[in-house]
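J.: Sharing a model prediction with you, sequence too.
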Protein chains: 2
Amino acid sequence: MKEKPIRVDYRTDKKTKPIIEDIEFGREFTDHMFVMDYSFAHGWHDPRIIPYQPLTVDPAAMIFHYGQSVFEGMKAYLSPKGDALLFRPQKNIERLNRSNQRLCIPEIDEKFVLKAIKQLVSLEKEWIPTKQGTSLYIRPFIISTEPYLGVASSQQYQFIVILSPVGSYYKEGVNPVEILVENEYVRAVVGGTGEAKTGGNYASSLKAQEIAERNGYAQVLWLDAVEKKYIEEVGSMNVFFKINGEIITPALTGSILPGVTRDSAIKLLKHWGFKVTESKITIKELIEAFHNGILEEAFGTGTAAVISPIGSLVWNDEKITINQGKTGELSKRLYDTITDIQYGKTKDPFGWSEYVDKALIK
Amino acid sequence: MKEKPIRVDYRTDKKTKPIIEDIEFGREFTDHMFVMDYSFAHGWHDPRIIPYQPLTVDPAAMIFHYGQSVFEGMKAYLSPKGDALLFRPQKNIERLNRSNQRLCIPEIDEKFVLKAIKQLVSLEKEWIPTKQGTSLYIRPFIISTEPYLGVASSQQYQFIVILSPVGSYYKEGVNPVEILVENEYVRAVVGGTGEAKTGGNYASSLKAQEIAERNGYAQVLWLDAVEKKYIEEVGSMNVFFKINGEIITPALTGSILPGVTRDSAIKLLKHWGFKVTESKITIKELIEAFHNGILEEAFGTGTAAVISPIGSLVWNDEKITINQGKTGELSKRLYDTITDIQYGKTKDPFGWSEYVDKALIK
């Protein structure tokens, strides 16, 4: 797409900002949203920032029938100096395009979209909450809007970005959770869409999650769909284990989402001198490591929680408690370092943080 | 839900009906639609028939992010006497509820929904095209509408039915197609959502379908996700083979959609005295049967095409041509019999056809 200026239609009746302590993740949205249309004839066109408002969509629009959609999740953080920061946003936008490829959705111009996100966040800067651990969640997504019931790729799409102020994920400090190893339902399979961030993966995961929650577990640990023995993800996060001083995380073999926090954790751990192995690991190997006394830590990684320590794991009739159910030293160090970088509170050796406003001036 | 009367808001500015020869499947819609809402507090409520119109949906509505949706496809046919007929509609509505269970969507009242569909079709009866092979396609679907970005089941939904007049699937007679056996991408896996009619399954299938079409094939033949050797479906249809006088179709082992036309074909074939086996069948066994000269026919079954004969199959470097690329005798007999029952042109030994209007009078 040609680099066009983004049309801005300002909202006059600004919303009252919520009290950050009271808000639940993903329930409140800011005053404006970014929208851009795609048609086969015109490509991606008419980029605009408009007041947050309902979409008007034909009931035959393909998104309602054949699930052709992708999304991303990222956050804007406020630094101690009051600058708005993004964390490795280009990684999310690149992944959005990989998801687009898998779902047969036309690719977006990555540089332009990053610029658009920055412009929107800049406009809504006063929506970024200031309290420790809070942030402004950014949700870019693409939906197929052509009104057509044939099973085919849509010829019309909308790319939309909405923003949602979010409180601290850990209101009472980082808290290890109890996880159920899921034996019946699967999240994804090689040859399917597990690598892409598409709605269908999440719809498919709800059933197991509901059953687990009903039985008192926070999340499920997903095993591979083929042999039901290799560990894949935990809930909607990537998963890491510290075994005998070394770090292991499932390799990206085609059914696992390549998380930005996963990549950041690997880079940090290597930077700190840890041996990090990306490979297949079975649930049996993990349980054995526990019994041998060498399973030292386990944690999930994701944009929402950053690091989510696993306190215990239940597999069939066995329950193992990791690091006495407490947050491990390394989990804590990763959480602190990544969040300090995200909030601009520490040196950023990798250049992961990006200024929202300064980049606009360029 | 309590049996409430359905509120009707009639359209005054009726659309011009399209010329049936010109219309493409799923592009034109009738004057009215059926809508019903769900909220956690009120259950399914406010059933209404209203003018066909765009939906107004919050950009944070869960359907746009986490793909929680299900749908059905069925048709209304006009009998020679001018009666509107449905074909085994309760089977579709039962399946919709099974899809709901898998996707954590609240179940609908099946009797009420059948009544609502009949009332809508009856109101739109003049939209049922009269030409041979044409029909009025019925698309019931449910979308998750709660504006919430947490990964969880939605607490708000809309159930909607839209109608679309469709031309004959086979404008120039039943035509066997060339099929590519898909080795890389998979449609579904046991433990996933393959048994449910949910958007994600279709989104996931687009890539393989596009590649196949680009290479000149009509559809792909899906193999199982685990061993990549068992035959599952063809395109978005179930698949049948006639081998040495007997019929075999893949068993419903958890990743295959239980098609209504599939079930009808099995019942008819048994009624005619054929041995029908529902079991696993590998692509290798199929190719062997071909080389042994006993693969007599192959065809897909589905609501759109009813019976879609497979003329040839390409697997890796090998191409086999079935029944000399012509429509088999049994495929033809099934097609003729099922469509004759659907259009009320022959005896209906199974009681599959239902009157739209007469049922309303009950």
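T.: In hand now; what should we look at? Keep in mind that what you see is a predicted model, and the values were worked out from it rather than measured.
J.: Look at the residue in chain A positioned nearest to chain B and report its pLDDT.
T.: Nearest residue of chain A to chain B, counting by C-beta to the nearest C-beta: A:Gly200, 2.2 Å away. In this view, the C-beta of every residue, glycine as well, is placed from N, C-alpha and C. Looking at A:Gly200, its pLDDT stands at 97.
J.: In contact with it, which residues?
T.: For A:Gly200, the contact set (C-beta atoms under 8 Å, 6 or more residues apart in numbering or on different chains) comprises A:67, A:193, B:67, B:193, B:198-201, B:203-204.
J.: go again using 7 Å as the cut-off
T.: Residues near A:Gly200 by C-beta atoms under 7 Å, 6 or more residues apart in numbering or on different chains: A:67, A:193, B:67, B:199-200, B:203-204.
J.: Taking those residues together, which two end up most distant?
T.: A:Thr193 and B:Gly199 (11.7 Å; C-beta to C-beta).
J.: now stretch A:54-64: mean pLDDT?
T.: Rounded mean pLDDT across stretch A:54-64 is 98.
J.: Please apply the same query to stretch A:136-154.
T.: 97.
J.: is stretch A:202-222 up against chain B anywhere?
T.: Yes. Stretch A:202-222 reaches chain B (C-beta under 7 Å from any C-beta of the partner chain) through A:202-204, A:206-207, A:210.
J.: correction: stretch A:26-34
T.: Yes. Contact of stretch A:26-34 with chain B (C-beta under 7 Å from any C-beta) involves A:26-27, A:29, A:33.
J.: Pipe those into TSV and attach pLDDT, secondary structure and neighbour count per row.
T.: Putting the residues of stretch A:26-34 next to chain B into TSV (pLDDT from 0 to 100; DSSP: H, G, I helix; E, B strand; the rest coil; neighbours: other C-beta atoms under 10 Å in any protein chain shown) gives the following:
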residue	pLDDT	secondary structure	neighbour count
A:Gly26	94	coil	22
A:Arg27	94	coil	17
A:Phe29	97	coil	22
A:Met33	98	strand	23
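J.: Quick one: the strands in the stretch 1-150 of chain A, in order.
T.: Residue ranges of the strands in the stretch 1-150 of chain A, as given by DSSP state E, counting those that start in this stretch, are A:7-8, A:32-39, A:43-51, A:55-57, A:69-71, A:74-78, A:84-87, A:135-144.
J.: tally of neighbours for the residue nearest to A:Asn183 when sequence neighbours are not counted?
T.: The shortest distance from A:Asn183 to any non-neighbouring residue, by C-beta to C-beta, 6 or more residues apart in numbering or on different chains, is to A:Lys228 (6.4 Å). For A:Lys228, the neighbour count with other C-beta atoms under 10 Å in any protein chain shown is 17.
J.: Does A:Lys228 touch A:Glu182 like I think?
T.: No. In this structure, A:Lys228 is not within contact of A:Glu182 by C-beta atoms under 7 Å, at 9.2 Å.
J.: What pLDDT is listed against A:Lys15?
T.: With respect to pLDDT, A:Lys15 has a value of 93.
J.: List phi and psi for it.
T.: Main-chain dihedrals, A:Lys15, degrees, to the nearest 10: phi -70, psi 160.
J.: how many neighbours does it have?
T.: Neighbours of A:Lys15 (other C-beta under 10 Å): 13.
J.: In the stretch 151-300 of chain A, where is pLDDT below threshold?
T.: Scanning the stretch 151-300 of chain A for pLDDT under 70 picks out nothing.
J.: What parts of it come near chain B?
T.: Within the stretch 151-300 of chain A, the residues that sit near chain B (C-beta under 7 Å from any C-beta) are A:151, A:153, A:160, A:162, A:164, A:184-186, A:189, A:191-193, A:198-200, A:202-204, A:206-207, A:210, A:225-226, A:236.
J.: Which ones among those residues map onto helices?
T.: A:199-200, A:202-204, A:206-207, A:210 (DSSP state H).
J.: Mind checking which of the residues you listed are buried?
T.: Buried members of those, scored by 16 or more other C-beta atoms under 10 Å in any protein chain shown, are A:199-200, A:202-204, A:206-207.
J.: sorry, back to before: ok, and which of the strands of the stretch 1-150 of chain A has the densest surroundings?
T.: For the strands of the stretch 1-150 of chain A, the stretch with the most neighbours on average is strand A:69-71, a mean of 26; neighbours defined as mean count of other C-beta atoms under 10 Å in any protein chain shown.
J.: Fine by me, thanks again.
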